[in-house]
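J.: Provided below for reference: sequence and predicted model.
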Amino acid sequence: MTAAPKLMSVDDYLAMERRSDIKHEYFAGQIFAMAGASYAHSTITANVSGELRDALRNTDCNVVSSDMRVRTVSTLYAYPDVAVLCGKPEFDDEERDTLTNPIVLIEVLSDSTEGYDRGQKFFNYRSIPSLKEYVLISQRQRLVEHFARQPNGQWLLTTYSSSDQVVQFPTLDVSIPLASFYLKVELSSTPALRDEEESAT
């Protein structure tokens, strides 16, 4: 018989993570090492962070990078590519290195994590009471998928795939041209999806 893997407590994970030279995500007692990002991934992340930071410069909102850990109510500890908070930041403990009240979370999709970002991670992110918008950005084609929490708890999906479109962040009252997301990024020849809107639970 094979012994079940030993699960790590949250306290042990945080103690390890704060000493580690590499980042790990944590969920349900298991830890997952994070791989390095591609050039396209890093460039898109920098583009989006820069655009949002400029747009929010004179507001009470702040943009933080993927070095900021985020905790969900469902006890997922993750490192989103970009997180936005408005008002006073709230943290998991006195170390102030784990944010608990993001209002917008953004992930740049990778082949190895796309299914997770769309599925289990999004499911866990939805447990954050403050979260209003979740955005997925493709690095293979010009495609941004924007999920907005509705008053009834459903999430409305809007996709952007044309270079002349403008991505709306309604909670932040910010609009960013889709082309700005992909500045200096060489895309693959994969055709973009058609624009559409639909509701997601």
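T.: Nice, I can see it. Residues are numbered from 1 along each chain as shown.
J.: Quickly list what the residue nearest the centre of the chain is bridged to.
T.: Geometric centre of the chain, nearest residue: Ile106, 3.0 Å, by C-alpha atoms, centre = their mean. Ile106 has the following beta-bridge partners by DSSP bridges: Val82, Val135.
J.: I'd say it and Ser66 touch.
T.: No. Judged on C-beta atoms under 8 Å, Ile106 makes no contact with Ser66 at a distance of 9.7 Å. For every residue, glycine as well, the C-beta is placed using N, CA and C.
J.: List the residues that are in contact with both of these two.
T.: Pro80, Asp81, Val82 (C-beta atoms under 8 Å, 6 or more residues apart in numbering).
J.: Tell me who's in contact with the second one.
T.: Listed by C-beta under 8 Å, 6+ apart, the contact set of Asp81 reads His41, Thr45, Val48, Ser66, Ile106, Glu107, Val108.
J.: The residues you listed in strands, which ones?
T.: Of those, the ones assigned to strands by DSSP state E are Ile106, Glu107, Val108.
J.: Now do the strands in the protein.
T.: So, for the chain - with DSSP E - the strands run 24-27, 30-33, 61-64, 69-71, 77-78, 82-86, 98-99, 104-108, 133-137, 144-149, 155-160, 166-169, 174-177, 197-200.
J.: could you dump the second one to CSV, C-alpha only?
T.: Written as CSV, here are the backbone C-alpha positions of strand 30-33 (Å, rounded to 0.1, in the frame of the first residue of the first chain):
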residue,chain,number,x,y,z
GLN,A,30,-0.8,20.8,-0.9
ILE,A,31,1.8,23.2,-2.3
PHE,A,32,2.5,23.8,-6.0
ALA,A,33,5.8,25.4,-7.2
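J.: Parallel or antiparallel, list what pairs with it.
T.: strand 24-27 (antiparallel).
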